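Engineer: Kindly generate the corresponding structure for this input.
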Amino acid sequence: SADERLAKGTAGQLLQMNSGATAPEWATVSGAQMGKIVVATTTSGQSSTSNSTLADTNLTATMTPTAATSKIWVQINQHCVVGEGTATYDSGNPDHRASIAINAMCTNDGGSNWNTTVSGGNDAGGAWSFGWDGRHEVGNALSRIKGFVCHSFLIDHNGTNDVTVKTQFKCGLANMNVLVNSGGRSSITLIEVLNP
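Structural biologist: Numbers count the residues shown, from 1 in each chain. Prediction:
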């Protein structure tokens, strides 16, 4: 019949209702829990006609973790376009193909030290571990091809500094006309995993 103060819990506990649904109680969380969520998108198109240099895609997301023990789950959806009439690739047959390599970069020191977390290979035929390969085998030119490169991975950052993820891209063959974010929306989703 009288107000009663609930004593404080211990570090890491969450407030929940008891089994009889009559009063709140503190409970220790077991297993991984979802923390912050950050979603970043862009439609700012970027293009490349060289296979030698990685370029930023304008897709980037930053999260400040709440705990040094957290991990960051990353989901990337990168929009890619190959223009018409470019990128003939002949390996003994009349295939016309184009490939785009997408690298996922990460930093947890404020942006001065970038590390490649997921990257494609260097096969001109488009055999990327994180990338996209399109073919057109009819006629003498490559048709316009659009699609998404999607990938997810886990980052163990070991700290509470900002974690920033961005993507870079390059062509699989020289003198290609490839674009990212052109006419489509690319996104990065960062999810903090607590108590991993």
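
Engineer: CA only for contacts and neighbour counts going forward, please
Structural biologist: Will do.

Engineer: who's the residue most central in space within the chain bridged to?
Structural biologist: Nearest to the geometric centre of the chain sits I76, at 2.8 Å (Cα atoms, centre = their mean). Beta-bridge partners for I76, by DSSP bridges, are H151, I188.

Engineer: go on, T62?
Structural biologist: Going by DSSP bridges, T62 forms beta bridges with T164.

Engineer: Near it, how many residues? Count them for me, please.
Structural biologist: Neighbours of T62 under the rule other Cα atoms under 10 Å: 20.

Engineer: what's the answer for S182, then?
Structural biologist: S182: 18 neighbours (other Cα under 10 Å).

Engineer: pLDDT score for it?
Structural biologist: For S182, the model assigns a pLDDT of 83.

Engineer: That one is in what secondary structure piece?
Structural biologist: For S182, there is no host helix or strand (DSSP states H and E).

Engineer: quick one on the thing from earlier: list the residues that contact the residue nearest to the centre of the chain.
Structural biologist: Residues counted as contacts of I76 (Cα atoms under 8 Å, 6 or more residues apart in numbering) are 149-152, 186-189.

Engineer: can I get these in JSON lines with neighbour count and distance to N158?
Structural biologist: Listed next are those as JSON lines, based on neighbours: other Cα atoms under 10 Å; distance: Cα to Cα, whole Å:
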{"residue": "V149", "neighbour count": "17", "distance to N158": "28"}
{"residue": "C150", "neighbour count": "17", "distance to N158": "26"}
{"residue": "H151", "neighbour count": "17", "distance to N158": "22"}
{"residue": "S152", "neighbour count": "14", "distance to N158": "19"}
{"residue": "S186", "neighbour count": "26", "distance to N158": "28"}
{"residue": "S187", "neighbour count": "20", "distance to N158": "25"}
{"residue": "I188", "neighbour count": "24", "distance to N158": "21"}
{"residue": "T189", "neighbour count": "21", "distance to N158": "19"}
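
Engineer: What is the nearest of these to T160?
Structural biologist: Distances from T160 to the contacts of I76, taken as Cα to Cα, are shortest for T189 (18.2 Å).
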